[in-house]
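K.L.:
mind looking at a prediction? Sequence and model below.
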Amino acid sequence: MKIYLAEHRGFCYGVNRAIDIALNARNEKLPVHTLGPIIHNPQMVSRLKEQGIDVAEKLTDISTGKVIIRSHGVGPDVYKQAEDKNLDVVDATCPHVKKAQQAAYNLLQAGYQVVIIGEENHPEVKSIFAWSNSNAHVIETSEDAKALPDYPRLGVVAQTTFAADKFLTIVKILETKCDELKIERTICTATDLRQQAAIDLAKKVNVMIVVGGRNSANTARLANVCRDTGCTTYHIESAAELRPEWFSNVQAAGITAGASTPDWVIEEVYSKMEEMSLGNVVKLETGSVIKGTVVGIRHDEVFVDIGYKAEGVIPLTELAYPTPQAAADAVTLGQIIDVLVVEAESSDGQVKLSKVQADKITAWDKLETAYTTKQPVEAKITEVVKGGLVAAVFGIRGFIPASQADARFVEDLTLFVGQIIQALPIEINREKQKAVLSRKQLLLAEKEAKEKEIFAKLSVGQTIDGKVSRLANFGAFVDIGGVDGLIHISDLSWQRVKSPDEIVHVGDEVKVVVLKVDLEAKKLSLSLKDVERDPWYASADKLTIGSIVAGKVVKIAKFGVFVELIDGIEGLVHISELSEKRVTNPEEVVSIGNQVSVKILSIDQENKRIALSIAQAEQDKERAEFSEYLFKQPSASSGVTLGDKFGHLFKRED
């Protein structure tokens, strides 16, 4: 029986970090407790207890000393309670969980109804719930999502270990439950990688062994995704649970482990399965590939236990491609690796091994599979050569042409050296040892998928957040999460705009309204001005038809003059309303900049037009003077009659 280990398994970054923090918090003088099991693995919890780190289920159980916040995190009230008890708080919350907690808090502050996609009773979900002021909906299934009431705005966060496919299914349902949906995808990428690696391995073996605590949600999910492939799967906590009958007539078995499972537990399982395998007799034949465990590391060589009378030795040059500066840069103690037997027994009694050559044997299989299935591979850029980049992929040399390095032209390729990237195999020839990769095709495919996802969520009239990515003479481009939309210069402001940089700058965070969505052409038209009501209407509401107001002449045309009444509000005085006398040229009466009194004749809200009259304003003013004059006694010796003074008001033109 052949035994295979999943490429991604065991401790994730957050768990590894939490264990390191806990061990560093040990104190011989003060008691140290974790608030709940630091991770969902009983063996690891027991080992920590042996080193003086106990578990307290409640904060009230701790009276003094240090309290370690476990990787799942807690709500803000727990920090306050610990401070009130004068406890020394050591925060081992996973950074990804912290991100989810902060996302829930920020969404709440921004006015969204928070939705947490995850398991309601999971401690991580409980901590995120607390950071949403205990005012969130927790959804675990599609049925839960369908039962959710409608809301104007929903903000979504996820349990970091939640299954990505189920997350997307639930999100599609939530899109129908609100006018605006904001998604903070807080699923840890390590979870995706671990689950995909488990699925890939389960498809190749007869039996899968999933190692991890029974109360570990991510381990249980690993077991489920393996079963979904049709592979017989067993979930165990330790090697003691393995049964020989599970492997009867089994040609190949696989091992994976949850994020809370330490390497030493995985190694115990692997060793026990080797013992149960009847055909597991190490044959030290030159050229054969076997498994071994790293038991010693020097600067320029590695010692490997291969179950033989002598340990195997791997020199630095046979350890990895490219050759590392030190052996510790390539392997770790306890790591299980594939090695090729170079020399079964040398004159000094040692077995000469090569990890590089063993990696090459399997590397081409992996590359051919990736090429056939169009799956990306991980590649480390090692150097720049003529025409492109050299990359290390699965321990062999790959090549990325300069034209395939990025979606856009990159002048300085040295920027990529040292980076670990995802690339797509586009030409694989095992005989010629040729592996050509493309990062560009992967980026374009990801961009296209992202565009489809974003366009599917957009609708005309929707208000969304974005960031100004670049400016042009005709408008501004706004990135709304991977897709650029255009705000035409006429849609930047309700006022006249000569250049987009009068209103926005690159990097500005903006809210925009969707004007047009063209999925086929992949074009998106946006508006910045439509986010708020046209200020013209607010100003026009202050004006009253029939009233006389002061204004300034701002423009003169053949048919009349434009008068600014309020900042941004202009009205037209038709040439016939400039004076009681006939006027052939408006400049006979007014000049630009003149302050004038005008009467408001009409306000057309629909077309944003205001009709004014200077002549009628003057007439109204004189009528007012006439009315006032009637209340006064005229002087008998003045020689001025009413007709002399106001007769022109009553003249009729024939």
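P.N.:
Looks like it came in fine. Quantities reported herein were computed from a predicted structural model and do not represent experimental measurements.

K.L.:
just checking, Lys380 is part of a strand?
P.N.:
Yes: under DSSP: H, G, I helix; E, B strand; the rest coil, Lys380 sits within a strand.

K.L.:
pLDDT weak spots in this protein?
P.N.:
For the chain, the stretches with pLDDT under 70 are 28, 278-283, 307, 309, 346-348, 628-654.

K.L.:
quick one: contacts for Gly118?
P.N.:
Glu124, Val125, Ile128, Val138, Ile139, Glu140, Ala158, Gln159, Phe162 (CB atoms under 8 Å, 6 or more residues apart in numbering). Every C-beta, even on glycine, is put in place using the N, C-alpha and C of the backbone.

K.L.:
okay, and the closest residue to Gln375 other than its chain neighbours sits in which element?
P.N.:
Excluding its sequence neighbours, the residue lying closest to Gln375 (CB to CB, 6 or more residues apart in numbering) is Thr369, at 7.5 Å. Using DSSP states H and E, Thr369 falls within helix 355-373.

K.L.:
packing partners of the helix or strand harbouring Ile255?
P.N.:
In the assignment (DSSP H and E), Ile255 maps to strand 252-257. Judged by 3 or more CB pairs under 8 Å, 6 or more residues apart in numbering; DSSP states H and E, strand 252-257 is in contact with strand 2-5, helix 189-202, strand 207-211, helix 217-228, helix 263-276.

K.L.:
residues of that strand that come out buried?
P.N.:
Ala253, Gly254, Ile255, Thr256, Ala257 (16 or more other CB atoms under 10 Å).

K.L.:
which SSE is the residue lying closest to Lys552 once chain neighbours are set aside in?
P.N.:
Nearest residue to Lys552, sequence neighbours excluded (CB to CB, 6+ apart): Glu564, at 5.1 Å. Applying DSSP H and E as the criterion places Glu564 in strand 560-566.

K.L.:
could you do Val436 as well?
P.N.:
Assigned by DSSP H and E, Val436 falls within strand 434-438.

K.L.:
strand 434-438 and whichever helix or strand comes after that strand, what's the angle between them?
P.N.:
As assigned by DSSP H and E, the chain's next helix or strand after strand 434-438 is helix 439-457. Here the directions of helix 439-457 and strand 434-438 differ by 30 degrees (axes from the mean of the first three to the mean of the last three CA atoms, to 10 degrees).

K.L.:
thinking again about what came up before, how about the buried residues of strand 252-257 in TSV, adding distance to Trp246?
P.N.:
Converted to TSV, the buried residues of strand 252-257 look like this (distance: CB to CB, whole Å):
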residue	distance to Trp246
Ala253	8
Gly254	12
Ile255	12
Thr256	15
Ala257	17
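
K.L.:
one step back: nearest to Ile592, out of the helices and strands packed on strand 252-257?
P.N.:
Closest of the helices and strands packed on strand 252-257 to Ile592 is helix 189-202, at 63.9 Å (criterion: CB to CB).

K.L.:
show me what contacts Gly312?
P.N.:
Applying CB under 8 Å, 6+ apart, we find Gly312 in contact with Gly292, Phe303, Val304, Asp305, Ile306, Val339, Val341, Gln350, Val351, Lys352, Leu353.

K.L.:
any idea how far Ile255 lies from Val205?
P.N.:
Separation of Ile255 from Val205 (CB to CB, to the nearest Å): 9 Å.

K.L.:
oh, I was asking about Lys555
P.N.:
81 Å.

K.L.:
and if you look at Ile199?
P.N.:
Note on Ile199: its distance to Val205, by CB to CB, is 12 Å.

K.L.:
these two: who's more crowded?
P.N.:
A count of neighbours by other CB atoms under 10 Å puts Val205 above the other of Ile199 and Val205, at 22 against 18.

K.L.:
look at the more buried one and tell me its secondary structure.
P.N.:
coil.

K.L.:
quickly list the domain ranges of this protein.
P.N.:
Structurally, the chain divides into domains by automatic domain parsing as follows: 2-94, 96-187, 289-359, 374-444, 458-531, 535-620.

K.L.:
Lys182 pairs with what?
P.N.:
Going by DSSP bridges, Lys182 is paired in beta bridges with Gly155.

K.L.:
so His8 sits against Ile199, correct?
P.N.:
No: counting by CB atoms under 8 Å, His8 stays clear of Ile199, with 11.0 Å between them.

K.L.:
ok so, going back, buried set for the strand holding Glu564?
P.N.:
By neighbour count with 16+ other CB under 10 Å, strand 560-566 contains the buried residues Gly560, Val561, Phe562, Val563, Leu565, Ile566.

K.L.:
check which residues of the strand holding Val436 are buried.
P.N.:
For strand 434-438, by 16+ other CB under 10 Å, it's Ala435, Val436, Leu437, Ser438.

K.L.:
between these, which is nearest Val384?
P.N.:
Closest approach to Val384 among those (CB to CB): Leu437, at 14.8 Å.
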